[in-house]
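# Prediction below, plus the sequence it came from.
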Amino acid sequence: MYLLFKYIKLPVFIGSLISPFFFLEGHEHLPVTHNFYSTSDYDGRPLKIRVIDSSTGDPLPARVSFQLDGVDYVPEYVNEHGIRFTSIHKRSQHFFTAVYALKSGILEVGVSDDAKSVSVTATHGFEYIPKSLGAVISDETPLLELNLERWSDLKENGWIAIDEHLHFDRLDPEDDRLWVAMLEADGLNSGHFMLLKGGMTPGIWSRQYAFGKDGRAITETQSIIPGQEYRDSAQGHINLLGLNRPIEPYSTGGMGWPAIVENFPPLHDVLSEARERSGFVGVAHGGSLGKYATAIADAILGKVDFWEISNGFIYQTENWYRLMNCGYFFPPMAGTDLPNSPFRDPWQPFLGSIRTYVHSNGRTDFDSFKESIQNGRVFITGGPIIDLTIDGKTMGETLRMSKPGTVSVVAQISSPRPLKDFGLVLNGLRLETDIKQVVEKGIHKWVIEEAVELDNSSWIAAWGKGTHISAQKIDAMAHTNAIRVIIDGKPIRSGEDQAFFIDQLRERRDYYREKGAYKNDFQRERAIRLFDQAIEKLLSR
């Protein structure tokens, strides 16, 4: 049985709502996805906060959350050493405000005049232990200094963290300093901001002031890369990262305005064009969106570079598992899909609450990112840090054996928060294993050391489940890329999964032949021919 994670409908938290936001006709110069609003006329008692890296003693940027007298609180006033950012998804009624402390100085925020006590929580990505500190509010409220301890050495070992799925307007290059500061405070090295059409607004949104190198914001440790999510109501959604100019008509199948009714061009052709425009391209949402998604055909025909398996509120691994069982391997990726589902527990980062880690030797430029993802030393996580080796081979690598035998599998998942589950996946099925559970210096560590007998070429991955996320009513998930084990040079093949995909491809081909929306026979025949090519290629393996 496959480990298949379903959609979860998320609640709207009244405590996170802001005042109504009205969309204006002709909003070319107004961001519709967010605001950086903070009131400037505050004359009350400011609360003073400083966040410190306990290992260096240096200021550490961080997301900070507040409670006044035990009730969640979002300050209206934030001084120049902080950021007050409100995420807006009007159609879904998803509004959430995140506050950041910067490393430039002491953060000051406004508090209610009648408040008696305050609790502050600071968090910096997943590699530091979040910390909370409380105080009684008086006329001389002391400076609250929160020392955060780094518990993970991922950075020192050459790993970088990416949110590859963001939808926020970037209309003014001057605001990039704020975006970069937020990425840094959330422990991210890179954010991919993607244009799209329809959904939250009828027209184009998450607009970028430029594409290609002119639209990128690069610092020594952070980067912002503009891209595009191209969507079709039937074919599905694809992420086009880093392309040098967007692909029109942005969406098809009736999505957005002005609506392009036809299911044309095929996403196969859009993916090809995006690569021509220097893009790094992949299937979004696990290939689960789209009434008759073409993701499997696109993957079989070689047009996919990565496979997005999670947006936090979506975990979808079935298609990815089945593809690997047919010998098609794609590195997994994950990103938040903000401003969708922005709600966060205090310990979570806002950006990158689900993220991709890739080993790049610390390089953060786009070309190094692409190369490193293709090398496959990748895992995705909503909190826990996960690792896997097989006879010394690591994620994305291949172990070759001359004959059937036993391999030594070592997997570990770690988190400063409690863990719920951990396991190995062999060719899409969970292996029964023993798990050693320990807590060392407040860090939960679960370890699997297993001798696995293999008769045929196979793949193995590790996945785990961490603490429950109250704000989103989900658990924090983590998943490694697979390691391939090739025995006697024979490829990884599953007749069952091959037959499953062939049936699915034929069904979807018939849908587009009979019910797909096209202007003419040429368009329809182009779509049908691609399905035929995918079926033929799969049958020939």
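Arrived safely, thanks for sending.
# Would you check that residue 533 makes contact with residue 301?
Yes - under the criterion of Cβ atoms under 8 Å, residue 533 makes contact with residue 301 at 6.2 Å. Just so you know, the C-beta spots here come from the backbone N, C-alpha and C atoms, and that holds for glycine as well.
# what ranges do the helices span in the chain?
For the chain, the helices defined by DSSP state H occupy 176-185, 267-276, 295-300, 318-325, 366-375, 495-514, 521-539.
# Which parts of the stretch 101-250 of the chain are strands?
Assigned by DSSP state E, counting those that start in this stretch, the stretch 101-250 of the chain shows strands spanning 107-110, 117-123, 128-129, 131-136, 144-150, 159-166, 190-197, 204-205, 217-218, 223-232, 236-241.
# and the fourth one, C-alpha only, in CSV?
Once side chains and other backbone atoms are set aside, the C-alpha atoms of strand 131-136 remain, and they are given as CSV (Å, rounded to 0.1, in the frame of the first residue of the first chain):
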residue,chain,number,x,y,z
LYS,A,131,12.7,30.2,22.8
SER,A,132,10.0,31.9,24.7
LEU,A,133,10.4,34.5,27.4
GLY,A,134,7.8,36.2,29.7
ALA,A,135,7.8,39.4,31.7
VAL,A,136,5.5,41.6,33.7
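# and it, what other elements does it pack with?
When contacts are defined as 3 or more Cβ pairs under 8 Å, 6 or more residues apart in numbering; DSSP states H and E, strand 131-136 packs onto strand 117-123, strand 144-150.
# thinking again about what came up before, so which of the helices of the chain is the most packed in?
Most buried of the helices of the chain, by mean neighbour count (mean count of other Cβ atoms under 10 Å): helix 295-300, with a mean of 26.
# quick one: low-confidence ranges for the stretch 151-300 of the chain?
Under the criterion pLDDT under 70, no range of the stretch 151-300 of the chain is flagged.
# one more time with 90, if that's ok
Within the stretch 151-300 of the chain, the ranges that satisfy pLDDT under 90 run 199-202.
# Next up, the contacts around the closest residue to residue 165 other than its chain neighbours.
Once flanking residues are discounted, residue 165 sits nearest to residue 335: 2.7 Å by Cβ to Cβ, 6 or more residues apart in numbering. Counting by Cβ atoms under 8 Å, 6 or more residues apart in numbering, residue 335 touches 162, 163, 164, 165, 166, 192, 308, 311, 352, 354, 355, 356.
# Neighbour count and distance to residue 141 added to those residues, as CSV?
Formatted as CSV, the contacts of residue 335 follow (neighbours: other Cβ atoms under 10 Å; distance: Cβ to Cβ, whole Å):
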residue, neighbour count, distance to residue 141
162, 29, 38
163, 27, 35
164, 29, 41
165, 31, 40
166, 25, 36
192, 27, 40
308, 28, 45
311, 21, 39
352, 31, 32
354, 29, 36
355, 31, 35
356, 29, 40
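# Among those residues, which one sits closest to residue 36?
residue 166 (15.6 Å; Cβ to Cβ).
# OK, contacts around that closest one?
Applying Cβ under 8 Å, 6+ apart to residue 166 gives the contacts 191, 192, 193, 194, 206, 335, 336, 337, 338, 351.
# In PyMOL, select just the buried ones from those.
For the buried members of these, the matching PyMOL selection, counting by 16 or more other Cβ atoms under 10 Å, is:
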select buried, resi 191+192+193+194+206+335+336+337+338+351
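# which one of the contacts of residue 166 is nearest residue 420?
Using Cβ to Cβ, residue 336 comes nearest to residue 420 of the contacts of residue 166, at 21.3 Å.
# ok, now which ones touch that closest one?
Contact partners of residue 336, counting by Cβ under 8 Å, 6+ apart, are 163, 165, 166, 311, 312, 351, 352, 353, 354, 355.
# Mind putting those into a markdown table with distance to residue 90?
Below are those laid out as a markdown table (distance: Cβ to Cβ, whole Å):
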| residue | distance to residue 90 |
| --- | --- |
| 163 | 22 |
| 165 | 19 |
| 166 | 17 |
| 311 | 19 |
| 312 | 20 |
| 351 | 20 |
| 352 | 23 |
| 353 | 21 |
| 354 | 23 |
| 355 | 26 |
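# ok, so of those, who is nearest residue 156?
Here the nearest of the contacts of residue 336 to residue 156, counting by Cβ to Cβ, is residue 355; it sits at 18.0 Å.
# can you tell me how far the closest one sits from residue 159?
For residue 355, the distance to residue 159 equals 11 Å [Cβ to Cβ, to the nearest Å].
# again, but for residue 336
Distance from residue 336 to residue 159, counting by Cβ to Cβ: 19 Å.
# hey, which of the helices and strands packed on strand 131-136 is tucked in deepest?
Stretch with highest mean neighbour count among those: strand 117-123 (a mean of 22; mean count of other Cβ under 10 Å).
# Now it: average pLDDT?
Here strand 117-123 scores 96 as its mean pLDDT.
# In contact with residue 461, which residues?
By Cβ under 8 Å, 6+ apart, the contact list for residue 461 reads 388, 424, 425, 479, 480, 481, 482, 483.
# Verify the stated contact: the fourth one with residue 378.
No - counting by Cβ under 8 Å, residue 479 sits too far from residue 378 to count as a contact (9.6 Å).
# and for the two, which residues touch both?
Common contacts of residue 479 and residue 378 (Cβ under 8 Å, 6+ apart): residue 332.
# distance of residue 338 from residue 85?
Distance check for residue 338 against residue 85: by Cβ to Cβ, it reads 11 Å.
# Identify the contacts common to these two.
Applying Cβ under 8 Å, 6+ apart, one finds that residue 338 and residue 85 are jointly contacted by residue 350.
# Now do the buried residues in stretch 49-59.
49, 50, 51, 52, 53, 59.
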